[in-house]
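J.: sequence unavailable; structure follows:
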């Protein structure tokens, strides 16, 4: 480390980068949790607040990208630190996508769904509970660079996939040309698909943490 980037400054920059990613992650977690509640409540006002809050998340992702670039050009990190900085931007991108799905769910919640499909709402709520717990855990894994916790989260996504498949199978009994035209069936199916994709982005983050630690990609299978 030379005089242009003393160790203390370097460590502070990395800590600030981690702080930005965790802030983004906590915002995405809040958006996801609120979106699931809003969808169940058919609350248009709460849904709009989630939609409006997405811009701040986008801005924060840009801040992560700018700080990552600054650290690379100014501090010239090597080996593990370089992996950390580059991967932080990838994690921020996954978190931003999670927040996008939360916004999409909020939009569906704003429109509401038909009463005859309320029996299937439990799948949305159960998937949501699994995913908010997973996202919270993977953020903690990133904070502590815990590969063990990250891989626990990665494997738990199979529960979300199973719920999605079970929900779709049960809902197919309600399918008819008339019902498919209704907002209820489509909203529930769309929301479940959004949640399934959220799980994929969370597992991406788990894989990024593995990469930071071992400089290779996780090759596990669910």
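T.: Perfect, I can see it now. This is a predicted model, so every value here is computed, not measured.
J.: just give me the longest helix of the chain.
T.: Among all segments of the chain classified by DSSP state H, the helix with the greatest residue count is helix 7-41.
J.: just checking, what packs against the helix or strand just after that helix?
T.: If you walk from helix 7-41 toward the C-terminus, the next helix or strand you reach (DSSP states H and E) is helix 44-75. When contacts are defined as 3 or more C-beta pairs under 8 Å, 6 or more residues apart in numbering; DSSP states H and E, helix 44-75 sits against helix 7-41, helix 79-111. Every C-beta, even on glycine, is put in place using the N, C-alpha and C of the backbone.
J.: adding distance to residue 202, mean neighbour count and mean pLDDT, write those helices out as CSV.
T.: Written out in CSV, the entries for those read as follows (distance: least, C-beta to C-beta, whole Å; neighbours: other C-beta atoms under 10 Å; pLDDT from 0 to 100):
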stretch, distance to residue 202, mean neighbour count, mean pLDDT
helix 7-41, 10, 19, 93
helix 79-111, 7, 21, 93
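J.: can you list those in a markdown table and add distance to residue 147?
T.: Converted to a markdown table, the helices and strands packed on helix 44-75 look like this (distance: least, C-beta to C-beta, whole Å):
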| stretch | distance to residue 147 |
| --- | --- |
| helix 7-41 | 16 |
| helix 79-111 | 13 |
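J.: which one of those helices lies closest to residue 69?
T.: Minimum separation from residue 69 across these (C-beta to C-beta) falls at helix 79-111, 8.4 Å.
J.: quick one, the closest one and helix 44-75 angle?
T.: With axes from the mean of the first three to the mean of the last three C-alpha atoms, to 10 degrees as the criterion, the two stretches helix 79-111 and helix 44-75 enclose an angle of 160 degrees.
J.: which residue, other than its chain neighbours, is closest to the most centrally placed residue in the chain?
T.: Nearest to the mean C-alpha position of the chain, counting by C-alpha atoms, centre = their mean, stands residue 98 at 3.5 Å. Of all residues not flanking residue 98 in the chain, residue 28 sits nearest, at 4.7 Å (C-beta to C-beta, 6 or more residues apart in numbering).
J.: I'd assumed residue 99 was in contact with that neighbour.
T.: Yes - in terms of C-beta atoms under 8 Å, residue 28 counts as a neighbour of residue 99; the distance is 4.4 Å.
J.: what touches both of the two?
T.: Both residue 28 and residue 99 are contacted by residue 57, under the criterion C-beta atoms under 8 Å, 6 or more residues apart in numbering.
J.: next, the angle helix 79-111 makes with the longest helix of the chain.
T.: Relative orientation of helix 7-41 versus helix 79-111 (the same axes, to 10 degrees): 20 degrees.
J.: picking that back up, any figure for the gap between the residue nearest to residue 98 and residue 154?
T.: Separation of residue 28 from residue 154 (C-beta to C-beta, to the nearest Å) stands at 18 Å.
J.: and what of residue 53?
T.: When C-beta to C-beta is the yardstick, residue 53 and residue 154 sit 28 Å from each other.
J.: more crowded one of those two?
T.: A side-by-side neighbour count of residue 53 and residue 154, using other C-beta atoms under 10 Å, places residue 154 first with 25 against 17.
J.: how about that one: what's its closest non-neighbour residue?
T.: Setting aside the residues directly before and after it, residue 154 is nearest to residue 206 in space (C-beta to C-beta, 6+ apart), at 3.9 Å.
J.: before we move on, what about residue 36?
T.: Nearest non-adjacent residue to residue 36, counting by C-beta to C-beta, 6+ apart: residue 128, 3.6 Å away.
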